[in-house]
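S.K.: Here you go, sequence then predicted model.
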Amino acid sequence: MPEDPINHIDFDDLNKRAISSPLVTHIYTADPSAHVFDGKIYIYPSHDIDAGDAFDDLGSHFAMEDYHVLSMDSPEATTATDHGVALHVNDVPWAAKQLWAPDAAEKDGKYYLFFPAKDHTGIFRIGVALSDSPIGPFIPQPQPIQKSFSIDPAVFRDDDGKYYMYFGGTWGGQLQRWRTGVFNPEQPESPFAFLPADHEPALCAKVARLTDDLLEFEEEARDLVILDEMGNALLQGDNTRRFFEASWMHKYKGTYYFSWSTGDTHYLSYATGDNPYGPFTYKGRILEPVVGWTSHHSICAYGDKWYLFYHDSSLSKGVTHLRSVKITPLQHDEYGFIKTIEPYRPV
């Protein structure tokens, strides 16, 4: 077998060259969804643990059991406050395991935590839990959102007060198993089963407007299509650009920015459009690859400045499923392009 390149990384040197440091170091956190509520930054990450599950392409080793909420008084803070467990899988009647990347929203003084989990049949669904406080505890609804599936919910509030959920993830996120509109349970259980061929249009993230109470989809989820510079849908074989997981939406100067992770090629990319549904045209990369298999992020404004929240595995010395949340400034240039970020300074 070839040598693992991770064994040759000098992590002391890497951490010195990192452009930012972990916001908490007493636990491992990943997939940060950041929001400003009442002038304070709240981060809703997944909580990585080492549960002893074998590494596989389905993500079985990502065996998260609960959510913690982090907060920062400002982006200049060097650390975040951990407010403890906000929701545990044992509190969710319909969920069996794997509380993966969540998101949160606020409406009329209520706070909503949106989260994926595998139900008792092994299918990922998306649930919602409510609280009177941004730090929880959150009380889950007894059932997942009707017609929800896959992973990585990201909820965006548009200027007109409408809320939209963006979601989906391939491989272990099961998006490819929903290509016909119903879950395909055929064996073998493989992340590569049911994927489009390389010459076919890539799998798309999904988008659905939420009901006024933010508890259900108001409509059928639809594809969020990403186009290349010629106006053609990105192909499945275009794995340095096509969608894999980790949807996020932000709006800058009237333009909608959809961003995502390319998964197995480890880039954070973005595309722009003129409405919440798209189509969106690919524009470039936000973040070059970090140490660790996955990239998952959020983009949040604080005052008139923008920030990227992301994670890497430098603190755990490259352990894929033990990641740490970080923050770094993000810049849009005069033409609206996002300046690509290098996570580590050169040697």
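M.R.: Ah, there it is.
S.K.: Quick check: which element contains Lys164?
M.R.: Check again: residue 164 is Tyr, not Lys. Using DSSP states H and E, Tyr164 sits within strand 163-167.
S.K.: err, Arg209, not the other one
M.R.: strand 205-209.
S.K.: Quickly run through the sheet partners of that strand, with directions.
M.R.: strand 163-167 (antiparallel), strand 222-224 (antiparallel) (DSSP bridges).
S.K.: For stretch 145-156, measure first residue to last.
M.R.: End-to-end span of stretch 145-156 (CA to CA, to the nearest Å): 17 Å.
S.K.: quick one: low-confidence ranges for the stretch 51-200 of the chain?
M.R.: 53-54 (pLDDT under 70).
S.K.: rerun at 80
M.R.: For the stretch 51-200 of the chain, applying pLDDT under 80 flags the ranges 51-56, 186-188.
S.K.: can you pull out the strands in it?
M.R.: Counting by DSSP state E, counting those that start in this stretch, the stretch 51-200 of the chain has these strands, from start to end: 66-72, 81-88, 95-97, 103-107, 110-119, 124-131, 139-140, 154-157, 163-167.
S.K.: In CSV, list those strands along with distance to Lys206 and mean neighbour count.
M.R.: Placement of C-beta: from N, CA and C, glycine included. CSV is the format used below for the strands of the stretch 51-200 of the chain (distance: least, CB to CB, whole Å; neighbours: other CB atoms under 10 Å):
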stretch, distance to Lys206, mean neighbour count
strand 66-72, 22, 21
strand 81-88, 23, 18
strand 95-97, 20, 18
strand 103-107, 14, 22
strand 110-119, 12, 23
strand 124-131, 10, 22
strand 139-140, 22, 16
strand 154-157, 11, 22
strand 163-167, 5, 23
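S.K.: Of all the ones you listed, which one comes closest to Ser247?
M.R.: The closest of the strands of the stretch 51-200 of the chain to Ser247 is strand 163-167. By CB to CB, the value is 3.8 Å.
S.K.: quick one: the closest one to strand 103-107, angle?
M.R.: On the basis of axes from the mean of the first three to the mean of the last three CA atoms, to 10 degrees, strand 163-167 is oriented at 170 degrees to strand 103-107.
S.K.: who's in contact with strand 163-167?
M.R.: 105, 107, 114, 116, 126, 148, 150-158, 205-210, 214, 217, 221, 224, 247-249, 258, 276 (CB atoms under 8 Å, 6 or more residues apart in numbering).
S.K.: Buried among the residues you listed? Need that as a selection in PyMOL.
M.R.: Here is the PyMOL selection string for the buried members of the contacts of strand 163-167, based on 16 or more other CB atoms under 10 Å:
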select buried, resi 105+114+116+126+148+150+151+152+153+154+155+156+157+205+206+207+208+209+210+214+217+221+224+247+248+249+258+276
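S.K.: Check the gap between the nearest residue to Phe11 once chain neighbours are set aside and Thr272 for me.
M.R.: Leaving aside its sequence neighbours, Phe11 sits nearest to Lys317 (CB to CB, 6 or more residues apart in numbering; 4.8 Å). As judged by CB to CB, to the nearest Å, Lys317 and Thr272 stand 37 Å apart.
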